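3D, please:
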Amino acid sequence: MIPVEVREPNPRRQHFQNDLNNKEQRADLDIIQEIWDQAHIREQVAKQRVAQKYNKKVRPRRFQEGDLVLRKI
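Numbers count the residues shown, from 1 in each chain. The predicted model follows:
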């Protein structure tokens with residue numbers, strides 16, 4: 001806060017309730033693991049979509065022992 005806000009009362013400071021704030025912070029910490037899990041699921045879904053889109057364009061090729069192939073170094 002800037003010094004002017006410290007001297008003059010404002011709604012943010014007047015309506016602040018420390019007990020309620022602590023309770024809300026504990027509630028947020030309790031659900032943070034759930035939020036992380038949801039984000040992880042969304043990340044996996046996005047990766048699967050990218051892989052499926054990429055794999056549509058890949059042509060499968062089968063090689064047998066003795067086939068000549070071009071190797072790039």
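
who does the longest helix along the chain touch, helix- and strand-wise?
Counting by DSSP state H, the longest helix found in the chain is helix 18-57. On a contact count with 3 or more Cβ pairs under 8 Å, 6 or more residues apart in numbering; DSSP states H and E, helix 18-57 meets no helix or strand. The C-beta positions use only the backbone N, C-alpha and C, and glycine is treated the same way.

Please point out which parts of that helix sit buried.
Using 16 or more other Cβ atoms under 10 Å as the test for burial, helix 18-57 gives no buried residues.

for it, the distance to its chain's centre please.
In terms of Cα atoms, centre = their mean, to the nearest Å, the centre of helix 18-57 is found 5 Å from the chain centre.

what is the mean pLDDT for it?
The average pLDDT within helix 18-57 is 93.

measure the residue lying farthest from the centre of the chain to Gln38 for me?
Distance from the centre of the chain peaks at Gly66, with 47.2 Å (Cα atoms, centre = their mean). Plainly put, Gly66 is 51 Å away from Gln38 if you go by Cβ to Cβ, to the nearest Å.

ok, Phe16 - how many residues close by?
Neighbour count of Phe16, defined by other Cβ atoms under 10 Å: 9.
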